[in-house]
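J.: I'll drop the sequence and a predicted model, then ask my questions.
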Amino acid sequence: MSSDLLPLIRGARSLSLMLTGYDHDLDNKLSRLRNVLKENDFSVREFQSILSLVENSYDSIELMTENGIKNYKAIFSSILKEDRQSLLRPINQDKPTIIDLMQIAEPLAKELTIISSLADDPSASDQSTSPSTNSASESANTNASTNYGNGEAELISRVRTSLTKHLKSVLEALYSVDKKEQTKALKERLNKTPEWTELNSITSETIEIIQNRLIEEKHKFEGYLAKVNQKLNRITQIVESDSSTLSDLKSINQYFNRSLNQQMKEARQKIDEKHTVDTLKTELLDSLDNIASRLEEYQTSYDSKITSLQESKVQMVDQVSQLEQENQSLMSELERERKISKNDHLTQLPNRQGFSDKLKQELSRAERYGHTMSIAILDIDFFKKINDEFGHLVGDKVLKVIAKEMTKVCRETDYLARYGGEEFILLLPETSLKDAFAAVEKIRVHIERCPFHFQSKPVPITISAGVAERTSQETNEAWLQRADEKLYNSKKQGRNRVSG
Ligand SMILES: Nc1nc2c(ncn2[C@@H]2O[C@H](COP(=O)(O)OP(=O)(O)OP(=O)(O)O)[C@@H](O)[C@H]2O)c(=O)[nH]1
């Protein structure tokens, strides 16, 4: 291979450099391509075979790019879950910048194909397009023809012309998008008929700008998706805060659904009509704002409904409170009734039922703390005689007075009840037989000393009593039985006495 091909090799290297940095695999193949170009015994066939590998790699990058776009599409459609095609159409039609930039490299790859076909078949160069309007290309052409053979010189000229032309269009496209001084400077450098080294450097810098631009665009798109996501999250939050299904809210929901559908329809129409990604983004964000506003309206009417429900709730609470009060007074009345039912109406002492309840309480307490307790049954002596002699009304009066007097001398903790007829029962918690005996004896003495009179005549009234301390083995009945037996003893022994 002639050393005259050196500029061609350098050109091919520059082109390979332009494609560097997209993909690791492609970079490896391009590196192999450059190595082949470095070899002294440059083999066109080997060059072609690696070139086709490079092309395959590039094709697969394109496929990956398409897949990347597909992913964005998938994200969109999964976020909005609506009419996939109408959302995807603008991306397909409007060629977002990211695709534009990826496609800019495409013509450069085609140049490599042209180079390879020319190198393989010089006659083909006659059929290839050869724009020679560019002064830089013409100059390079003239320059090359002084050192190389006609075919080769023309090939080099074509490559340089073509490379310059595409670099120019690339830089124009870039400058229209980024308006950066760096891009402008590159454009100016390209207009100054650059040598291969300079052309190579312009190419590398251009590639760098494209790569940065791709990263920038990717970030912008990610930021945009994050914004969409934020708005959708806001919508989700509003919706999630209203999960009630109260029937009164049904109409509000229906209105909201209609309104939301309308907004989504309008959003889709906007997407269909628009032609650039930037306007699409703005319109879509506006639509999401509208949807969020609708949600807020919904929230407001929902809130007012909730407020009125809360007011009703307050009224209901008032009513319930009134009912509770009524219920409370009914309960107190019932309690009073219950107490009455446990009280003896004549003496106002607890009756047998009242005593029974009290006994249960005191028993459980005594068992829990291991206390002893005693019981006494007290009976008015010869009460029948009083009734017979003075009448039942006097007998009743005597019962009342005795109850009152006995209560006076009972301890606070003792529990006196009317057991029936002229019989009383006294429960003495935490009291041994001895102490109970003494307490009952005190009552007996007190009653004996009470000055009962009838028609100004003194009427002596005494009581007899039987006392029993509870033992842990016996039943209540047996215990009471024992106290009753002791009372019987007192009566038998002459009355007005206490037995224990
Ligand atoms: N006034 C009046 N008498 C009652 C009442 N309950 C019972 N009695 C009377 O109390 C009397 C009890 O008489 P008895 O059981 O024979 O006993 P006692 O006459 O007290 O004789 P001892 O108990 O043996 O001393 C009966 O006449 C009953 O009618 C009551 O609530 N009021």
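T.: Everything's here; your move. Quick caveat, the model's predicted, so the values are computed rather than measured.
J.: who's in contact with the residue of the stretch 401-500 of the chain found nearest the ligand?
T.: At 3.3 Å from the ligand, residue 421 is the closest residue in the stretch 401-500 of the chain, using C-beta to the nearest ligand atom. (Each C-beta comes from the backbone N, C-alpha and C, glycine too.) By C-beta atoms under 8 Å, 6 or more residues apart in numbering, residue 421 lies in contact with residue 383.
J.: List phi and psi for it.
T.: phi 50, psi -130 (degrees, to the nearest 10).
J.: how about the residues of this structure that lie near the ligand?
T.: Neighbours of the ligand within the chain, by C-beta under 6 Å from any ligand atom: 346, 379-384, 387, 392, 395-396, 399, 421-422, 491, 495.
J.: Report the buried members of those.
T.: Neighbour-count burial within the residues of the chain next to the ligand applies to 379-383, 387, 395, 399, 422, 491; the criterion is 16 or more other C-beta atoms under 10 Å.
J.: Could you check the pLDDT of the closest residue to residue 178 other than its chain neighbours?
T.: Nearest residue to residue 178, sequence neighbours excluded (C-beta to C-beta, 6 or more residues apart in numbering): residue 213, at 6.5 Å. Note on residue 213: pLDDT of 70.
J.: what mean pLDDT would you report for the helix or strand harbouring residue 435?
T.: Assignment of secondary structure by DSSP states H and E places residue 435 within helix 433-448. The pLDDT scores in helix 433-448 average 97.
J.: For the next helix or strand after that helix, enumerate its sheet partners and note whether each is parallel or antiparallel.
T.: Using DSSP H and E, the next helix or strand after helix 433-448 towards the C-terminus is strand 453-454. Next to strand 453-454 in the sheet, as set by DSSP bridges, lie strand 457-458 (antiparallel).
J.: Tell me the helices and strands packed up against the next helix or strand along the chain from the partner strand.
T.: Following strand 457-458 in sequence order, the next helix or strand is strand 463-469 (DSSP H and E). On a contact count with 3 or more C-beta pairs under 8 Å, 6 or more residues apart in numbering; DSSP states H and E, strand 463-469 meets strand 373-380, helix 433-448, helix 476-492, strand 498-499.
J.: buried sites along the third one?
T.: Of all the residues in helix 476-492, those buried under the rule 16+ other C-beta under 10 Å are 479-480, 482-484, 486-487, 490-491.
J.: would a markdown table of the buried ones among the residues of the chain next to the ligand with pLDDT and distance to residue 371 be doable?
T.: Output for those, formatted as a markdown table (pLDDT from 0 to 100; distance: C-beta to C-beta, whole Å):
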| residue | pLDDT | distance to residue 371 |
| --- | --- | --- |
| 379 | 98 | 27 |
| 380 | 97 | 30 |
| 381 | 96 | 32 |
| 382 | 95 | 36 |
| 383 | 94 | 34 |
| 387 | 92 | 39 |
| 395 | 92 | 37 |
| 399 | 95 | 32 |
| 422 | 94 | 31 |
| 491 | 96 | 30 |
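J.: of all of the stretch 301-450 of the chain, which residue lies closest to the ligand?
T.: Proximity of the stretch 301-450 of the chain to the ligand (C-beta to the nearest ligand atom) peaks at residue 395, 2.5 Å away.
J.: Please enumerate the helices of the stretch 301-450 of the chain.
T.: Ranges of helices in the stretch 301-450 of the chain, per DSSP state H, counting those that start in this stretch, are 352-369, 383-390, 392-409, 433-448.
J.: Comparing those helices, which comes out most buried?
T.: Across the helices of the stretch 301-450 of the chain, averaging neighbours per residue (mean count of other C-beta atoms under 10 Å) puts helix 433-448 on top, at a mean of 18.
J.: which other helices and strands contact that helix?
T.: In terms of contacts (3+ C-beta pairs under 8 Å, 6+ apart), helix 433-448 is packed against strand 373-380, helix 392-409, strand 423-429, strand 463-469, strand 498-499.
J.: Note down every partner strand of the fourth one and its orientation.
T.: Here strand 463-469 has these sheet partners by DSSP bridges: strand 373-380 (antiparallel), strand 498-499 (parallel).
J.: could you give the angle of it to strand 423-429?
T.: Using axes from the mean of the first three to the mean of the last three C-alpha atoms, to 10 degrees, one finds that strand 463-469 and strand 423-429 are set 30 degrees apart in direction.
J.: Now do strand 463-469: everything it contacts.
T.: For strand 463-469, contacts defined as C-beta under 8 Å, 6+ apart pick out 372-381, 402, 431-433, 436-437, 440, 443-444, 447-448, 479-480, 482-491, 495-500.
J.: same thing with the second one?
T.: By C-beta under 8 Å, 6+ apart, the residues outside helix 392-409 that reach it are 346-349, 378, 380, 383, 386-387, 416, 418, 422, 424, 426, 442-443, 446-447, 450, 452, 454, 461, 463.
J.: Could you do the last one as well?
T.: Outside strand 498-499, the residues within contact range by C-beta under 8 Å, 6+ apart are 376, 437, 440-441, 444, 464-467, 486-487, 489-490, 493.
J.: Which two of these have the greatest separation?
T.: Maximum pairwise distance among the contacts of strand 498-499 (C-beta to C-beta): 16.0 Å, between 376 and 493.
J.: neighbour-wise, which of those two wins?
T.: Using other C-beta atoms under 10 Å, the more surrounded residue of residue 376 and residue 493 is residue 376, with 29 against 11.
J.: Tell me the helix or strand right after the helix or strand containing residue 164.
T.: Assigned by DSSP H and E, residue 164 falls within helix 150-178. Beyond helix 150-178 on the C-terminal side, the first helix or strand identified by DSSP H and E is helix 181-191.
J.: Can you name every helix or strand that that next one contacts?
T.: helix 150-178, helix 196-241.
J.: List the buried residues of it.
T.: By neighbour count on 16+ other C-beta under 10 Å, the buried set for helix 181-191 is 183, 186-187, 189-190.
J.: nearest to the ligand, of those residues?
T.: residue 183 (120.8 Å).
J.: Residue ranges in the stretch 401-500 of the chain under the pLDDT threshold?
T.: Counting by pLDDT under 70, not a single residue of the stretch 401-500 of the chain qualifies.
J.: can I assume residue 473 sits in a strand?
T.: No: under DSSP: H, G, I helix; E, B strand; the rest coil, residue 473 sits outside any strand and is assigned coil.
J.: Tell me the spacing between it and residue 479.
T.: For residue 473, the distance to residue 479 equals 10 Å [C-beta to C-beta, to the nearest Å].
J.: what's the burial count for residue 457?
T.: Using other C-beta under 10 Å, residue 457 has 7 neighbouring residues.
J.: ok, the residue lying closest to residue 350 once chain neighbours are set aside - how many residues close by?
T.: Leaving aside its chain neighbours, residue 350 sits nearest to residue 417 (4.2 Å; criterion: C-beta to C-beta, 6+ apart). Using other C-beta under 10 Å, the number of residues around residue 417 comes to 25.
J.: So residue 417 is in contact with residue 353, correct?
T.: No: at 9.2 Å, residue 417 does not count as touching residue 353 under the criterion of C-beta atoms under 8 Å.
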